[in-house]
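J.: 3D model of this:
(2 chains)
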There are 2 protein chains.
Amino acid sequence: MSQRRQITGFSNPAVKFLRSLREKKHRKAAGKFLAEGLRLLTDARECGRLPEMLVMARGRDDHPLLAALEADVLAAGGEVIETEEEILAKITGKDNPQAVAGVFAEFDTSLAALDRSRAKIWLVAQALRDPGNLGTMLRTGDAVGAGGLILIDDCADPFSVEAVRASMGAVFTQAVAQARWDDFHDWLRQGEGQLVAASLRDAVPYRGAPYAAPCFLMVGNESRGLPEDYELACDLRVTMPMKGRADSLNAAVAGAVLAYEVLACLGD
Amino acid sequence: MSQRRQITGFSNPAVKFLRSLREKKHRKAAGKFLAEGLRLLTDARECGRLPEMLVMARGRDDHPLLAALEADVLAAGGEVIETEEEILAKITGKDNPQAVAGVFAEFDTSLAALDRSRAKIWLVAQALRDPGNLGTMLRTGDAVGAGGLILIDDCADPFSVEAVRASMGAVFTQAVAQARWDDFHDWLRQGEGQLVAASLRDAVPYRGAPYAAPCFLMVGNESRGLPEDYELACDLRVTMPMKGRADSLNAAVAGAVLAYEVLACLGD
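T.: Numbering: from 1, shown residues only, chains lettered A, B, ... in the order given. Take a look at the predicted model:
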């Protein structure tokens, strides 16, 4: 049953529910997440992902893509809500809210849902804590034609507003999986796959290294890097020039420099 | 005259001054900025940059590098302040404060202070709004041995707590300049220098493009990219593969992928 309704007031239950999705525990309890902005929602729609609920600001500018989105959501049995701009701002936590937000069901993030033969490059992040870095890795994965991002151990939530925003829509195009290290390692070794880490330990230069598809590129936690035993479990350890005082790059940057090198080496 | 003192209470004038440095207008008025953490302050010290004021948490662990820093600050006529951990947390705006913070005089950020012959790579950012991206570009610049980062038009403040933090100390190793586009362009053309932009306009593949030192690598604003006339003023426009739905990378990521390519092409 599809519906369209107006809501007003910060204490409206729907507003409370939507605002609660900015917190991880409420997202997990509901199995839903928020994405904001017409561009992102249009990307989602074109990837076959429709929000269950669409929230639009009253007084927004008309836009054919927004009208198409609204029609599709209603046709699919979803709900469309109109509300005040300042309420939408409270929901998304943004001072300058975009005129629309959507509520999506969280995806299946099990390893079993991944088809490793689907892409030559897969990104893997271990204990990545910054949602901006996580979203940026999704965005980079989209750009290099990766299959998806596998999150090992305790990472930031890929469905947080910040990660979804930083992904620029790639959360809808890239597969996302979440697993403990042992489970990931078991899964990886049940099929083809080269595990590669940026490392200083017994590593070869990253440029022109013997990458092989499907190549699983792993980066570690922002402050601690990868645990030693994870590095030692890799098939290939590569090192990037570090010509200054620092001994590491931002995690999302390191992943991107490696991913573009692998793309150049493995070809299209 | 050097001094060492204890302060308590959130209303202490020194605490008020230190907290005020989290806001740009107060940083500009005072010509000072904050950096936090022993590692960052040690990097600064080893680069010959001492804080004018050092603020330490009472009850911190002893550390030889902290003792060395304190001695150097006092010897240089600076001030050392001890305070409560919760006051230090208020100053840095971090829940889990690092045990030490320093107040530095802002550097000269004029183009005239740059020596372009000092490095083969320079990074240039136009209207970069995110302080995390800005700090990440400084960190990448350090890693590729760049000379520094030139900020064009209205960028985030390189001396904000967030940018300094994301730079991981590179704000002390990389030169930073701020300029309007016209002034930068005039300065650039008064000497050697190849201006390169990531672009979709009449661009060649970024891989193995004819880069020349000193190479000035320019990235644009996070949402709008570079203005068309800035792109057209470049000596070389390069394009990176974009194999997914998105038509752009995160600005700091694009700069890093390009910078590592230029490093590989121009050699050490």
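J.: only C-alpha atoms for contact and neighbour calcs from this point on.
T.: Will do.
J.: quick one: residue A:49 is in a helix?
T.: No - read with DSSP: H, G, I helix; E, B strand; the rest coil, residue A:49 is coil and lies in no helix.
J.: for it, list the residues it contacts.
T.: residue A:172 (Cα atoms under 8 Å, 6 or more residues apart in numbering or on different chains).
J.: quick one: the helices in the stretch 151-268 of chain A?
T.: Using DSSP state H, counting those that start in this stretch, the helices of the stretch 151-268 of chain A run over residues A:161-167, A:170-173, A:181-189, A:228-232, A:251-266.
J.: what do you get for the stretch 1-150 of chain A?
T.: Secondary structure of the stretch 1-150 of chain A (DSSP H, counting those that start in this stretch): helices at A:13-20, A:24-30, A:38-46, A:64-75, A:85-92, A:131-144.
J.: in the second one, what counts as buried?
T.: Applying a neighbour-count criterion of 16 or more other Cα atoms under 10 Å in any protein chain shown, the buried positions in helix A:24-30 are A:24, A:26, A:27.
J.: check stretch A:9-24 too.
T.: Buried residues in stretch A:9-24, counting neighbours by 16+ other Cα under 10 Å, are found at A:10, A:15, A:18, A:19, A:20, A:21, A:22, A:24.
J.: possible to save these as a markdown table with pLDDT and distance to residue A:234?
T.: Listed next are the buried residues of stretch A:9-24 as a markdown table, based on pLDDT from 0 to 100; distance: Cα to Cα, whole Å:
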| residue | pLDDT | distance to residue A:234 |
| --- | --- | --- |
| A:10 | 77 | 51 |
| A:15 | 89 | 47 |
| A:18 | 92 | 42 |
| A:19 | 92 | 42 |
| A:20 | 94 | 40 |
| A:21 | 94 | 37 |
| A:22 | 92 | 36 |
| A:24 | 95 | 32 |
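J.: among those, which two are most distant?
T.: The span of the buried residues of stretch A:9-24, defined through Cα to Cα, is set by A:10 and A:24 at 20.6 Å.
J.: tell me, what residue is most central in chain A?
T.: residue A:171 (4.0 Å; Cα atoms, centre = their mean).
J.: my guess is it contacts residue A:162. True?
T.: No - contact criterion Cα atoms under 8 Å: residue A:171 and residue A:162 do not qualify, at 11.5 Å.
J.: can you list the weak-confidence ranges in the stretch 51-200 of chain A?
T.: A:95-97 (pLDDT under 70).
J.: flag every residue of the stretch 101-250 of chain A that's near chain B.
T.: Contact residues, the stretch 101-250 of chain A versus chain B (Cα under 8 Å from any Cα of the partner chain): A:136, A:139-140, A:142-145, A:168-170, A:173, A:241-250.
J.: would you write a PyMOL line that selects the buried entries of those?
T.: The buried subset of those, as determined by 16+ other Cα under 10 Å, is captured in PyMOL by this line:
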select buried, chain A and resi 136+139+140+142+143+144+145+168+169+170+173+241+242+244+245+246+248+249+250
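J.: if we can go back for a sec, using CSV, lay out the helices of the stretch 151-268 of chain A together with distance to residue B:111.
T.: Converted to CSV, these look like this (distance: least, Cα to Cα, whole Å):
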stretch, distance to residue B:111
helix A:161-167, 32
helix A:170-173, 38
helix A:181-189, 49
helix A:228-232, 43
helix A:251-266, 27
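J.: of those helices, give the one that comes closest to residue B:156.
T.: Among the helices of the stretch 151-268 of chain A, the nearest to residue B:156 by Cα to Cα is helix A:161-167 (17.7 Å).
J.: contacts for the closest one, please.
T.: Applying Cα under 8 Å, 6+ apart, the contact partners of helix A:161-167 are A:22, A:33-36, A:92, A:131-139, A:157-158, A:170-171.
J.: how far does stretch A:231-243 sit from the chain's center?
T.: Centroid displacement of stretch A:231-243 relative to its chain, using Cα atoms, centre = their mean, to the nearest Å, is 24 Å.
J.: can I get that stretch in CSV, CA atoms only?
T.: This file holds the C-alpha atoms of stretch A:231-243, laid out as CSV (Å, rounded to 0.1, in the frame of the first residue of the first chain):
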residue,chain,number,x,y,z
GLU,A,231,50.5,-8.8,6.6
LEU,A,232,52.3,-12.2,6.7
ALA,A,233,49.1,-13.9,5.4
CYS,A,234,49.3,-11.8,2.3
ASP,A,235,50.4,-13.3,-1.1
LEU,A,236,52.2,-10.0,-2.0
ARG,A,237,53.4,-7.1,0.1
VAL,A,238,54.2,-3.9,-1.7
THR,A,239,55.8,-0.7,-0.7
MET,A,240,55.2,2.9,-1.9
PRO,A,241,57.9,5.6,-1.9
MET,A,242,57.8,7.7,1.3
LYS,A,243,60.2,10.5,0.6
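J.: what sits against the nearest residue to residue A:198 once chain neighbours are set aside?
T.: Spatial nearest neighbour of residue A:198, excluding adjacent residues (Cα to Cα, 6 or more residues apart in numbering or on different chains): residue A:238 at 4.9 Å. Residues in contact with residue A:238 (Cα under 8 Å, 6+ apart) are A:196, A:197, A:198, A:199, A:200, A:203, A:204, A:205, A:206, A:209.
J.: how about residue A:238: which residues does it bridge to?
T.: residue A:198, residue A:204 (DSSP bridges).
J.: just give the nearest non-adjacent residue to residue A:145, would you?
T.: Nearest one to residue A:145, counting by Cα to Cα, 6+ apart, is residue B:243 at 5.0 Å.
J.: quick one on the thing from earlier: report the two of the contacts of residue A:238 separated the most.
T.: For the contacts of residue A:238, the maximum inter-member distance is 14.5 Å, found between A:200 and A:209 (Cα to Cα).
J.: count the residues that sit near residue A:219.
T.: For residue A:219, the count of nearby residues is 27 (other Cα atoms under 10 Å in any protein chain shown).
J.: look up phi and psi at residue A:248.
T.: Main-chain dihedrals, residue A:248, degrees, to the nearest 10: phi -160, psi 160.
J.: hang on, isn't it packed against residue A:240?
T.: No - counting by Cα under 8 Å, residue A:248 does not reach residue A:240; the two are 9.0 Å apart.
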